[in-house]
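# Show me how the following folds:
(2 chains)
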Amino acid sequence: GQQVQQSPASLVLQEGENAELQCNFSTSLNSMQWFYQRPGGSLVSLFYNPSGTKHSGRLTSTTVIKERRSSLHISSSQTTDSGTYLCALELGNMGYKLTFGTGTSLLVDP
Amino acid sequence: DAGVTQTPRHEVAEKGQTIILKCEPVSGHNDLFWYRQTKIQGLELLSYFRSKSLMEDGGAFKDRFKAEMLNSSFSTLKIQPTEPKDSAVYLCASSQTGGGQNTLYFGAGTRLSVL
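Take a look at the predicted model:
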(Lines give C-alpha, C1' and ligand atoms only; values in the text may rest on other atoms or scores of the structure.)
Protein backbone atom coordinates (compact mmCIF):
# COMPACT_ATOMS: atom_id res chain seq x y z
CA GLY A 1 0.00 0.00 0.00
CA GLN A 2 0.84 3.66 0.02
CA GLN A 3 3.85 4.33 2.23
CA VAL A 4 3.56 8.10 1.95
CA GLN A 5 0.27 9.93 2.09
CA GLN A 6 -0.16 13.66 1.69
CA SER A 7 -3.12 15.79 2.63
CA PRO A 8 -4.97 17.68 1.51
CA ALA A 9 -4.76 16.69 -2.15
CA SER A 10 -5.59 20.25 -3.14
CA LEU A 11 -6.05 23.55 -1.38
CA VAL A 12 -7.27 26.99 -2.40
CA LEU A 13 -6.36 30.02 -0.33
CA GLN A 14 -6.83 33.74 -0.43
CA GLU A 15 -3.59 35.66 -0.46
CA GLY A 16 -2.44 36.27 3.10
CA GLU A 17 -3.96 33.10 4.56
CA ASN A 18 -1.84 30.38 6.14
CA ALA A 19 -1.59 26.78 4.96
CA GLU A 20 -0.71 23.55 6.72
CA LEU A 21 0.26 20.61 4.53
CA GLN A 22 0.60 17.14 5.98
CA CYS A 23 2.69 14.12 5.11
CA ASN A 24 2.09 10.81 6.89
CA PHE A 25 4.18 7.72 6.44
CA SER A 26 3.66 4.10 7.37
CA THR A 27 7.23 2.90 7.76
CA SER A 28 10.48 3.88 9.42
CA LEU A 29 12.54 6.49 7.67
CA ASN A 30 16.02 7.91 7.56
CA SER A 31 15.07 11.36 6.36
CA MET A 32 12.33 13.54 4.98
CA GLN A 33 12.46 16.20 2.28
CA TRP A 34 9.91 18.71 1.06
CA PHE A 35 9.87 19.88 -2.55
CA TYR A 36 8.05 22.56 -4.48
CA GLN A 37 7.07 22.25 -8.13
CA ARG A 38 5.75 25.18 -10.13
CA PRO A 39 3.21 24.17 -12.82
CA GLY A 40 5.19 22.76 -15.73
CA GLY A 41 8.42 23.22 -13.82
CA SER A 42 10.94 21.05 -12.06
CA LEU A 43 11.22 20.21 -8.39
CA VAL A 44 13.06 22.45 -5.99
CA SER A 45 14.09 21.27 -2.55
CA LEU A 46 12.57 23.32 0.25
CA PHE A 47 13.71 21.40 3.31
CA TYR A 48 15.82 18.45 4.25
CA ASN A 49 14.30 17.72 7.64
CA PRO A 50 14.85 14.29 9.19
CA SER A 51 13.45 15.44 12.55
CA GLY A 52 12.48 18.54 14.46
CA THR A 53 11.56 21.95 13.11
CA LYS A 54 13.23 24.05 10.44
CA HIS A 55 12.41 27.53 9.20
CA SER A 56 13.00 29.25 5.89
CA GLY A 57 11.33 32.61 5.41
CA ARG A 58 7.58 32.06 5.51
CA LEU A 59 7.98 28.28 5.48
CA THR A 60 8.27 25.98 8.47
CA SER A 61 8.80 22.23 8.35
CA THR A 62 8.20 19.98 11.36
CA THR A 63 8.95 16.26 11.36
CA VAL A 64 7.89 14.05 14.28
CA ILE A 65 9.33 10.62 13.64
CA LYS A 66 7.55 8.86 16.53
CA GLU A 67 4.22 10.02 15.15
CA ARG A 68 5.27 9.24 11.57
CA ARG A 69 4.35 12.61 10.20
CA SER A 70 5.82 15.76 8.77
CA SER A 71 4.13 19.07 8.10
CA LEU A 72 4.86 22.13 6.00
CA HIS A 73 3.43 25.41 7.19
CA ILE A 74 3.16 28.37 4.83
CA SER A 75 2.41 31.67 6.50
CA SER A 76 0.99 34.76 4.81
CA SER A 77 0.57 32.94 1.49
CA GLN A 78 1.30 34.75 -1.79
CA THR A 79 0.11 34.03 -5.31
CA THR A 80 3.65 32.95 -6.17
CA ASP A 81 3.32 30.08 -3.66
CA SER A 82 0.89 28.37 -6.03
CA GLY A 83 2.10 25.00 -7.25
CA THR A 84 2.52 21.46 -6.00
CA TYR A 85 4.22 20.56 -2.74
CA LEU A 86 5.64 17.07 -2.41
CA CYS A 87 7.13 15.27 0.53
CA ALA A 88 9.64 12.49 0.02
CA LEU A 89 10.99 9.88 2.40
CA GLU A 90 14.32 8.18 2.47
CA LEU A 91 13.25 4.81 3.80
CA GLY A 92 15.23 2.77 6.29
CA ASN A 93 17.62 0.15 4.85
CA MET A 94 17.04 1.30 1.26
CA GLY A 95 20.15 3.34 0.76
CA TYR A 96 19.66 6.86 -0.38
CA LYS A 97 16.42 6.44 -2.33
CA LEU A 98 13.35 8.63 -1.98
CA THR A 99 9.71 7.60 -2.03
CA PHE A 100 7.47 10.51 -2.97
CA GLY A 101 3.99 11.38 -1.82
CA THR A 102 1.33 12.26 -4.38
CA GLY A 103 1.55 15.95 -3.55
CA THR A 104 -0.67 18.82 -2.46
CA SER A 105 -1.75 21.19 -5.20
CA LEU A 106 -1.95 24.72 -3.79
CA LEU A 107 -3.66 27.65 -5.47
CA VAL A 108 -3.38 31.07 -3.89
CA ASP A 109 -5.87 33.56 -5.27
CA PRO A 110 -5.13 37.30 -5.20
CA ASP B 1 27.39 26.41 -10.49
CA ALA B 2 25.46 24.53 -13.14
CA GLY B 3 22.52 22.51 -11.90
CA VAL B 4 21.24 19.27 -13.37
CA THR B 5 20.95 19.58 -17.15
CA GLN B 6 18.54 17.46 -19.14
CA THR B 7 18.13 17.24 -22.90
CA PRO B 8 15.98 17.39 -24.86
CA ARG B 9 13.28 19.35 -23.07
CA HIS B 10 10.59 17.88 -25.28
CA GLU B 11 10.47 14.69 -27.31
CA VAL B 12 7.78 13.33 -29.58
CA ALA B 13 8.07 9.71 -30.67
CA GLU B 14 6.07 7.26 -32.70
CA LYS B 15 5.09 4.01 -31.01
CA GLY B 16 7.90 1.49 -31.35
CA GLN B 17 10.69 4.02 -31.71
CA THR B 18 13.82 4.12 -29.58
CA ILE B 19 14.49 7.32 -27.71
CA ILE B 20 17.45 8.38 -25.58
CA LEU B 21 17.20 11.00 -22.89
CA LYS B 22 20.32 12.66 -21.49
CA CYS B 23 21.31 14.02 -18.12
CA GLU B 24 24.32 15.84 -16.72
CA PRO B 25 24.32 15.85 -12.90
CA VAL B 26 25.64 18.60 -10.68
CA SER B 27 29.43 18.49 -10.76
CA GLY B 28 30.80 16.43 -7.87
CA HIS B 29 27.55 14.65 -7.04
CA ASN B 30 27.84 10.90 -6.56
CA ASP B 31 24.18 9.87 -6.67
CA LEU B 32 22.06 10.08 -9.82
CA PHE B 33 18.39 9.21 -10.16
CA TRP B 34 15.94 8.89 -13.03
CA TYR B 35 12.27 9.41 -12.18
CA ARG B 36 9.11 9.36 -14.24
CA GLN B 37 6.29 11.74 -13.33
CA THR B 38 2.67 11.37 -14.36
CA LYS B 39 -0.50 12.90 -12.93
CA ILE B 40 -1.86 9.49 -11.96
CA GLN B 41 1.21 7.74 -10.56
CA GLY B 42 3.17 10.75 -9.38
CA LEU B 43 6.94 10.28 -9.20
CA GLU B 44 8.24 6.76 -9.84
CA LEU B 45 11.87 5.77 -9.52
CA LEU B 46 13.33 4.27 -12.70
CA SER B 47 17.02 3.97 -11.88
CA TYR B 48 19.52 4.92 -9.20
CA PHE B 49 23.30 5.12 -9.57
CA ARG B 50 25.85 5.62 -6.84
CA SER B 51 29.35 6.50 -8.03
CA LYS B 52 28.37 5.25 -11.52
CA SER B 53 27.25 1.84 -10.22
CA LEU B 54 23.65 0.84 -10.82
CA MET B 55 22.02 0.38 -7.41
CA GLU B 56 18.37 0.18 -8.44
CA ASP B 57 16.92 -0.64 -11.82
CA GLY B 58 13.29 0.17 -11.17
CA GLY B 59 11.79 -3.30 -11.09
CA ALA B 60 8.72 -3.02 -13.30
CA PHE B 61 10.56 -0.75 -15.71
CA LYS B 62 13.36 -3.16 -16.47
CA ASP B 63 12.19 -4.62 -19.75
CA ARG B 64 12.07 -1.52 -21.99
CA PHE B 65 13.94 1.02 -19.92
CA LYS B 66 17.70 1.07 -19.61
CA ALA B 67 19.73 3.70 -17.82
CA GLU B 68 23.47 3.97 -18.14
CA MET B 69 26.09 6.14 -16.55
CA LEU B 70 29.12 6.18 -18.81
CA ASN B 71 31.05 8.58 -16.62
CA SER B 72 30.44 10.60 -13.49
CA SER B 73 29.13 13.57 -15.46
CA PHE B 74 26.75 11.97 -17.94
CA SER B 75 23.85 9.54 -17.90
CA THR B 76 21.36 8.32 -20.47
CA LEU B 77 17.93 6.73 -20.26
CA LYS B 78 16.94 4.62 -23.25
CA ILE B 79 13.35 3.57 -23.84
CA GLN B 80 13.06 0.82 -26.42
CA PRO B 81 10.51 0.35 -27.89
CA THR B 82 8.35 3.24 -26.80
CA GLU B 83 4.67 2.81 -26.07
CA PRO B 84 1.95 5.47 -25.68
CA LYS B 85 1.78 4.73 -21.94
CA ASP B 86 5.36 5.98 -21.67
CA SER B 87 4.14 9.54 -22.22
CA ALA B 88 5.26 11.42 -19.12
CA VAL B 89 7.85 13.82 -17.79
CA TYR B 90 11.21 12.17 -17.16
CA LEU B 91 13.24 13.79 -14.42
CA CYS B 92 16.89 13.36 -13.60
CA ALA B 93 18.19 14.27 -10.15
CA SER B 94 21.52 14.18 -8.36
CA SER B 95 22.84 14.52 -4.85
CA GLN B 96 26.03 14.37 -2.85
CA THR B 97 26.34 11.23 -0.79
CA GLY B 98 27.96 11.03 2.60
CA GLY B 99 27.02 12.61 5.85
CA GLY B 100 25.17 15.85 6.27
CA GLN B 101 22.38 17.27 4.18
CA ASN B 102 21.69 15.07 1.15
CA THR B 103 19.55 17.53 -0.75
CA LEU B 104 18.29 16.25 -4.09
CA TYR B 105 18.65 18.54 -7.10
CA PHE B 106 16.35 18.02 -10.07
CA GLY B 107 16.72 18.87 -13.72
CA ALA B 108 13.97 20.62 -15.67
CA GLY B 109 12.84 17.31 -17.14
CA THR B 110 12.10 15.91 -20.57
CA ARG B 111 8.46 15.83 -21.58
CA LEU B 112 7.92 12.74 -23.73
CA SER B 113 4.87 12.24 -25.92
CA VAL B 114 4.46 8.87 -27.62
CA LEU B 115 1.91 8.81 -30.40
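# Low-confidence stretches in chain A?
Within chain A, the stretches with pLDDT under 70 are A:1-2, A:92-96.
# for chain B, what are the nearby residues on it?
Counting by C-beta under 8 Å from any C-beta of the partner chain, the residues of chain A close to chain B are A:31, A:33, A:35, A:41-45, A:48, A:86, A:88, A:90, A:95-103. (Each C-beta comes from the backbone N, C-alpha and C, glycine too.)
# how about a cut-off of 7 Å?
A:33, A:42-43, A:45, A:48, A:95-98, A:100, A:102-103 (C-beta under 7 Å from any C-beta of the partner chain).
# Out of those residues, which end up buried?
For the residues of chain A next to chain B, a neighbour count by 16 or more other C-beta atoms under 10 Å in any protein chain shown gives the buried set as A:33, A:42-43, A:45, A:48, A:96-98, A:100, A:102-103.
# now, among those residues, which is nearest to residue B:44?
Distance to residue B:44 across these (C-beta to C-beta) is lowest for residue A:100, with 8.4 Å.
# hey, what's that closest one bridged with?
Assessed by DSSP bridges, residue A:100 has beta-bridge partners residue A:88.
# Check the one 5 residues further on too.
With beta bridges defined as DSSP bridges, residue A:105 has these partners: residue A:10, residue A:84.
# quick one: terminal-to-terminal distance for stretch B:74-86?
Its first and final residues considered, stretch B:74-86 spans 23 Å by C-alpha to C-alpha, to the nearest Å.
# Can you tell me the number of residues neighbouring residue 110?
You didn't pick a chain, so chain A it is. Using other C-beta atoms under 10 Å in any protein chain shown, residue A:110 has 7 other residues around it.
# sorry, should have said chain B
21.
# buried ones in the worst-scoring helix or strand of chain B on mean pLDDT?
When the helices and strands of chain B are scored by mean pLDDT, DSSP states H and E, strand B:53-56 comes last with a mean of 86. Neighbour-count burial for strand B:53-56, counted by 16+ other C-beta under 10 Å, picks out B:55-56.
# Stretch B:5-16 too?
B:6, B:11, B:13.
# Report the beta-bridge partner residues of the first one.
Per DSSP bridges, the residues bridged to residue B:6 are residue B:23.
# Sounds good, over and out.
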